[in-house]
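Peer 1: Quick one: sequence plus predicted model below, questions after.
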Amino acid sequence: MATKEENQLSLLLDDLTALEEYIHDLFNFSPLPICFISPVGVILEVNPALEKASGFKMDEIVGEPLERVFKKEEIGPLARETIKEGSVDGKELRFFPKGGEEVAVQVFTRTRKDEKGEVVGYFLSLFDLTGIKKTEAELKRVQTALLNILEDTEEARRKAEEEKDKTQAIITNFTDALFFFDKDHRLALMNPQAEIFFKIKKEKVIGESINRLYELPELRALIEFLGEGMKEVSRKEFPLTEDFILEVSVISMKRDSVDLGDLVVLHDVSREKTIERLKTEFVSLSAHQLRTPLSAIKWSLMMILDGDLGAINKGQKDILEKTYLSNERMIALINDLLNLARIEEGKYALSLAPADIVKICQSIIDLSEEPFKNKGIKLRFNKPAKKTIQVLVDEEKLKLVIQNLLDNAFKYTFKNGRVSLSLKEIDKGVRIEVKDTGIGIVEKEQKRVFSKFFRTNEAVLVEPAGSGLGLYMAKNIIEGHGGKIGFISKVDQGTTFYFVLPTKS
């Protein structure tokens, strides 16, 4: 029969084995790229997240020097500082994935020691800084805690309870709400922030199935949002109430292709949404307040120019005409800002009605011919074979889109250039193209073309005046019609903007 000491030793060994498996699983399932480095800078072990981030398979990168993915002059001082100080928290370096461009990352390190206190290497974790500056402080704290957990196994064995408490503290104090559903879609974990967000105690829901959770009023909206299948979601907005907006991400947890369950992370973005709403309201209010005096100035200038207030000489008339044009540009900008506010508030409604798209295009061409001719640009309308093509559109807003595309072609095409408006039927739709031989758009700026307030550097040089809102509103109008908009462009060769609308069935 085993003695009391032998039983206690057996239980301790079991606990240590379980802890070792826990740390190994945490290393593999961590979403943060982590690796273990030898004292001389050789990569000894990497987790799947680092494989994915670097583009190297494990057998390609293990055994390689750390300079394979970092600059020697940057990683050398980092390694020396780690060995000397024991850790480095949040140092920005350049990371070089396989076959890719350099990425700005924040690096965290912590030394690993043996039982004698000798350094046998160090852990290194990195975090991609692209577009995620706002959560830097929170992630830094999480990374530091994770690196603490990944200390040497021998050290972890002596501090088993301490390490478990640290992990529990992270989950407990995490500012985002966390739900973990096992492979059978039963709720296995729920942190205190989730209890606060949804005003429900975890004791009431832990272990319950999706169907059972749907029956609870507090969680019904969330379960309906996630769906029974609970597919992976990345940063999708979920309005819990009118003033409480959550950003939801669903991460599928797997080990060796075995489904472990799904982690649901809910981040409170209510403040950001409130700021966006206040900004939109400010733009709308300011634009409304500005439009009234600008309109008064416009009519006053027109009365003077028309001679209603007496005769003026040629010099006075020239100055007043320039003032009138500047005032018109201001009014156009104010109208663009008002339309932007309506779009962001969801009030830019479309009034759809059957219309002849051929007739719409022809009317715009008729109004545009003289300005193009005066600038020395050849304007052509390529008509379809059919004389009439019926579409279900908001005619006025569609005219704004086509006119905006033609105006851009006019502004950025020089004398002796060519601009064409083409219209043709396609399968279950109609395609409209505006093609020019103008300045074109450089490739690095093309992805931002439809962003609000964006104008390319070359466009600003050619035509300083402009709000950068025309294409943003055009995209919203076309997508509001159920259509698609895009463009093809080459520098100094021209640009073709096109959009597709469904035809009236």
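Peer 2: Looks like it came in fine.

Peer 1: make it CA atoms for all contacts and neighbour counts henceforth
Peer 2: Noted.

Peer 1: which residues touch residue 200?
Peer 2: Under the criterion of Cα atoms under 8 Å, 6 or more residues apart in numbering, the contact list for residue 200 reads residue 218.

Peer 1: hey, where'd the strands end up in the stretch 401-505 of the chain?
Peer 2: Listed in chain order, the strands found in the stretch 401-505 of the chain under DSSP state E, counting those that start in this stretch are 418-426, 429-436, 484-490, 494-502.

Peer 1: where's residue 321 relative to residue 300, distance?
Peer 2: If you measure residue 321 against residue 300 using Cα to Cα, to the nearest Å, the figure is 12 Å.

Peer 1: ignore the last one, residue 185
Peer 2: Here the distance between residue 185 and residue 300 works out to 70 Å (Cα to Cα).

Peer 1: Those two: who's more crowded?
Peer 2: Using other Cα atoms under 10 Å, the more surrounded residue of residue 185 and residue 300 is residue 185, with 19 against 15.

Peer 1: how about that one, what does it touch?
Peer 2: When the contact criterion is Cα under 8 Å, 6+ apart, the partners of residue 185 are 209-210, 261.

Peer 1: Residue 29 now?
Peer 2: Residues in contact with residue 29 (Cα under 8 Å, 6+ apart) are 47-49, 253-255.

Peer 1: swap in residue 121?
Peer 2: When contacts are taken as Cα under 8 Å, 6+ apart, residue 121 is in contact with 36-39, 111-113.

Peer 1: Walk me through which strands whichever helix or strand it is part of pairs with, and which way each runs.
Peer 2: With elements taken from DSSP states H and E, the one containing residue 121 is strand 119-128. Here strand 119-128 has these sheet partners by DSSP bridges: strand 34-37 (antiparallel), strand 103-113 (antiparallel).

Peer 1: Residue 441 is in contact with residue 491, correct?
Peer 2: Yes. Under the criterion of Cα atoms under 8 Å, residue 491 is in contact with residue 441, at a separation of 5.4 Å.

Peer 1: Who has more neighbours out of these two?
Peer 2: Regarding residue 491 and residue 441, a neighbour count based on other Cα under 10 Å identifies residue 441 as having more, with 21 against 14.

Peer 1: What are the phi and psi values at the more buried one?
Peer 2: With angles defined as degrees, to the nearest 10, residue 441 sits at phi -130, psi 130.

Peer 1: As a markdown table, the strands paired with strand 119-128 with distance to residue 55, mean neighbour count and mean pLDDT would be great.
Peer 2: Shown next, in a markdown table, are the strands paired with strand 119-128 (distance: least, Cα to Cα, whole Å; neighbours: other Cα atoms under 10 Å; pLDDT from 0 to 100):
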| stretch | distance to residue 55 | mean neighbour count | mean pLDDT |
| --- | --- | --- | --- |
| strand 34-37 | 14 | 25 | 90 |
| strand 103-113 | 13 | 22 | 90 |
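
Peer 1: Can you show me the strands along the stretch 251-400 of the chain?
Peer 2: With DSSP E, counting those that start in this stretch as the criterion, the stretch 251-400 of the chain has strands spanning 258-268, 353-356, 378-382, 390-393.

Peer 1: looking at those strands, which is buried most?
Peer 2: Comparing the strands of the stretch 251-400 of the chain by mean neighbour count (mean count of other Cα atoms under 10 Å), strand 390-393 ranks first with a mean of 20.

Peer 1: ok, residues contacting that strand?
Peer 2: Surrounding strand 390-393, the residues in contact under the criterion Cα under 8 Å, 6+ apart are 350-357, 481, 501-504.

Peer 1: How about residue 369, nearest residue that isn't a chain neighbour?
Peer 2: Closest residue to residue 369 apart from its sequence neighbours, by Cα to Cα, 6 or more residues apart in numbering: residue 379 at 6.7 Å.

Peer 1: Show me where the stretch 101-250 of the chain has its strands.
Peer 2: According to DSSP E, counting those that start in this stretch, the strands that the stretch 101-250 of the chain contains are 103-113, 119-128, 177-182, 187-190, 233-241, 244-255.
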